[in-house]
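[1] one predicted model, sequence on top.
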Amino acid sequence: MIYVVFCTSKLFLKNLFLVHSIFNTLKTLKIAIQKSGRLNEKSVEILKNCGLTFENYKSSLISSVTNFPLEILFLRDDDIPEYVQDGIADLGIVGENVITETKAKVTHLQKLGFGKCTLKIAVQNSSSIEKLEDLNGKAIATSYPVILENFLQSKGIKSDIRTISGSVEIGPGLGLSDAICDIVSTGGTLKSNGLKPFADVMSSEAVLIGNEAIADHPEVAELLQRIRSVLSAKSNKYVVLNVSKDNLQKVVNLLPGVKSPTVVPLFEPNWVAVHSVIAEADFWDKINSLKAAGAEGILVMPIEKIIT
Ligand code: PRT
Ligand code: ZN
């Protein structure tokens, strides 16, 4: 009986992790991340930046965190939403595109700011398809049939969706389809295959997801707080600048800080150093405004964590 259940590798792995979680202490949380591929490195990086110590074994399926009650499961990204939905993993890091495609019932806990991409419909450069309605009755090759179907339905379009698992971009060239629906980040792959983007279907980035029953677990809250402090630090810069007291108010008005800027007297009379935090997004605008307001000797440093 057991041999029948273990007959495919996906089922085998799922059962292996299930048995592991039954015999393991009930307290140890499990987070599933991609074993190899585009999300692996950044997933490992964000967990390490949260102060978690573990070995990133390329050959192993599970790694224990030595300084936090957490185990890391290394999986194919397509399996992560289902593992989290079924409680084999409590948490997971995976692209929103995969969550939507698998229709997994999981809680979205936090967007992570990496793995950004857009699922797009693209057509050949020479294609006569010009507007969405032109896709009626046309064949579209994709690895994301669920997302594409939902999109087309919402636009009232009926196309022939051809599901293929990889190298979708060669579909039109081979005469397999009139268009494709695939993930695009730089656009280089479309270009090198003589395709042009035609419509955006969904934008996506890596997110932290949780099993619906585990989301308010205290250790999940702790991990979430650490992840948020890492993300917040990443999107901000620490700035130290000098300014004469005559211009101090003008400079302070431009700087929010975490609470408010720190102002420290300099040895030179009538001059102070101002310490503050600036959002990465409006960094250059702010720096130029600060210079115009009289700031000098501006130092900009990365921040490791912001704990509020
Ligand atoms: O082995 P496993 O199943 O775990 O991984 P995978 O091969 O299925 O996925 P992987 O590692 O390629 O991607 C994992 C996730 O990264 C995706 O589900 C997306 O959420 C995200 N992501 C971000 C991308 C891209 N950018 C991306 N550019 N996933 C795929 N691509 C591919 C795309 O399919 C196309 O072939 O890159 C090509 C297009 O890239 P550009 O830069 O030429 O536009
Ligand atoms: Zn995959």
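    That came through, no problem. Residues are numbered from 1 along each chain as shown. Ligands and ions are numbered 1, 2, ... in the order given.
[2] when you work out contacts or count neighbours from here on, use the C-alpha atoms and nothing else.
    OK.
[3] what pLDDT does the model give the residue nearest the centre of the chain?
    Within the chain, the residue whose C-alpha comes closest to the C-alpha centroid is Ala206; the distance, by CA atoms, centre = their mean, is 2.1 Å. In the predicted model, Ala206 carries a pLDDT score of 98.
[4] point out where the stretch 201-308 of the chain drops to low pLDDT.
    Counting by pLDDT under 70, the stretch 201-308 of the chain has low-confidence residues at 215, 257-258.
[5] run through the residues of it sitting next to ligand 1.
    Where the stretch 201-308 of the chain comes near ligand 1, counting by CA under 6 Å from any ligand atom, the residues are Glu205.
[6] quick check: buried residues in stretch 210-230?
    Of the residues in stretch 210-230, those buried under the neighbour-count criterion (16 or more other CA atoms under 10 Å) are 210-212, 214-215, 219-220, 223-224, 226-230.
[7] same question but for stretch 165-176, I mixed them up
    Using 16+ other CA under 10 Å as the burial criterion, the residues of stretch 165-176 that qualify are Val168, Glu169, Ile170, Gly171, Pro172.
[8] let's have these in JSON lines, adding secondary structure and pLDDT.
    Below are those laid out as JSON lines (DSSP: H, G, I helix; E, B strand; the rest coil; pLDDT from 0 to 100):
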{"residue": "Val168", "secondary structure": "helix", "pLDDT": "96"}
{"residue": "Glu169", "secondary structure": "helix", "pLDDT": "95"}
{"residue": "Ile170", "secondary structure": "helix", "pLDDT": "94"}
{"residue": "Gly171", "secondary structure": "coil", "pLDDT": "92"}
{"residue": "Pro172", "secondary structure": "coil", "pLDDT": "95"}
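[9] ok, of the residues you listed, which one's closest to ligand 2?
    Val168 (13.7 Å; CA to the ion).
[10] quick one, strands of the stretch 201-308 of the chain?
    Residue ranges of the strands in the stretch 201-308 of the chain, as given by DSSP state E, counting those that start in this stretch, are 206-210, 236-244, 262-265, 271-279, 296-302.
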